[in-house]
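Enquirer: need a 3D model of the sequence below.
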Amino acid sequence: MKFAVLVFPGSNCDIDCYKAVEQTIGQEVDYVWHTATDLSAYDCILVPGGFSYGDYLRCGAIARFANVMNEVKKAADAGKYILGICNGFQILTEANLLPGALIRNNGLKFRCHQSPLEVVNNQNPFTRDYEQGEVISIPIAHGEGNYFCDEATLAELQANNQIIFRYAGDSNPNGSVDNIAGISNKVGNVVGMMPHPERAVSEILGSADGKRMFTSILNAWREQHGTAING
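Expert: The predicted structure is shown next:
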């Protein structure tokens with residue numbers, strides 16, 4: 001399986017994503033600059049966190065016009081796997097690859113700490129190695145992670161099982177509607193989340209709960225391609 005980690009001016013979690021793939025599941029991975037015009041060689045595209053283009057205008061509002069985003073849309077339409085983390089989630093909503101928007105945290109403060117997440121949908125390619133309803137610990141680091149959508153969109157997300165993660169219990173750190181921490185598109189191959197699984201792939205980092213997102217997608221790809229699953 002081959003991974004692409006997109007790099008925009010201001011990305012700062014690209015190395016974390018690269019290392020998570022390389023060291024956690026041992027798959028081929030490349031950094032891909034925002035000017036790229038061909039992603040056909042890749043099976044999974046990671047849109048990392050950071051402050052793309054300095055977060056001017058709105059988070060992700062400029063990055064969504066980068067050349068590479070046209071290729072991300074093509075990849076999504078082709079059924080390839082896309083994961084947007086933090087600023088990557090913001091970029092995917094700005095590019096209309098996911099519904100809704102990320103706005104300022106309700107406390108207007110940057111939040112950076114471990115956060116308990118409930119696995120709401122473990123039937124997604126990125127979550128198949130988790131238990132339904134399992135509570136995991138994944139760090140957050142954002143100032144604009146407050147997921148917002150209108151009532152009609154929320155009802156659609158709920159009806160289609162597109163809510164992938166919720167902040168568990170009363171731990172909502174940003175005011176997100178319905179405690180949403182991560183969602184998918186209707187097909188399920190595009191996922192966006194504010195917490196950082198790439199920063200939770202080893203106990204030395206405080207949690208290894210993010211590791212299973214990477215093993216999940218590898219196993220999903222192997223199953224799709226009829227390759228033996230080694231775990």
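
Enquirer: can you give me the buried ones in the lengthiest helix in the chain?
Expert: Of all the elements of type helix in the chain, the one with the most residues (DSSP state H) is helix 211-224. Residues of helix 211-224 classed as buried by neighbour count (16 or more other CB atoms under 10 Å): 211-221. Every residue, glycine included, has its C-beta placed from N, CA and C.

Enquirer: next, format the residues you listed as a markdown table and append distance to Asp55.
Expert: Listed next are the buried residues of helix 211-224 as a markdown table, based on distance: CB to CB, whole Å:
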| residue | distance to Asp55 |
| --- | --- |
| Lys211 | 29 |
| Arg212 | 30 |
| Met213 | 25 |
| Phe214 | 27 |
| Thr215 | 32 |
| Ser216 | 30 |
| Ile217 | 27 |
| Leu218 | 31 |
| Asn219 | 35 |
| Ala220 | 32 |
| Trp221 | 32 |
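
Enquirer: ok, so of those, who is nearest Ile138?
Expert: The nearest member of those to Ile138, counting by CB to CB, is Met213 at 8.9 Å.

Enquirer: hmm, Pro195 and the closest one touching each other?
Expert: No. Met213 is beyond contact range of Pro195, at 10.2 Å (criterion: CB atoms under 8 Å).

Enquirer: got the contact list for Gly54?
Expert: 9-10 (CB atoms under 8 Å, 6 or more residues apart in numbering).

Enquirer: could you grab the helix/strand/coil label for it?
Expert: Classification of Gly54 by DSSP: H, G, I helix; E, B strand; the rest coil places it in helix.

Enquirer: what's the burial count for the nearest residue to Ile163 once chain neighbours are set aside?
Expert: Nearest non-adjacent residue to Ile163, counting by CB to CB, 6 or more residues apart in numbering: Val120, 4.8 Å away. Counted by other CB atoms under 10 Å, the residues lying close to Val120 total 23.

Enquirer: run through the residues that contact Val120.
Expert: With CB under 8 Å, 6+ apart, Val120 has these contacts: 133, 163-166.

Enquirer: would you turn these into CSV with pLDDT, distance to Leu83 and secondary structure?
Expert: Below are the contacts of Val120 laid out as CSV (pLDDT from 0 to 100; distance: CB to CB, whole Å; DSSP: H, G, I helix; E, B strand; the rest coil):
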residue, pLDDT, distance to Leu83, secondary structure
Gly133, 97, 22, coil
Ile163, 98, 16, strand
Ile164, 98, 10, strand
Phe165, 98, 12, strand
Arg166, 98, 18, strand
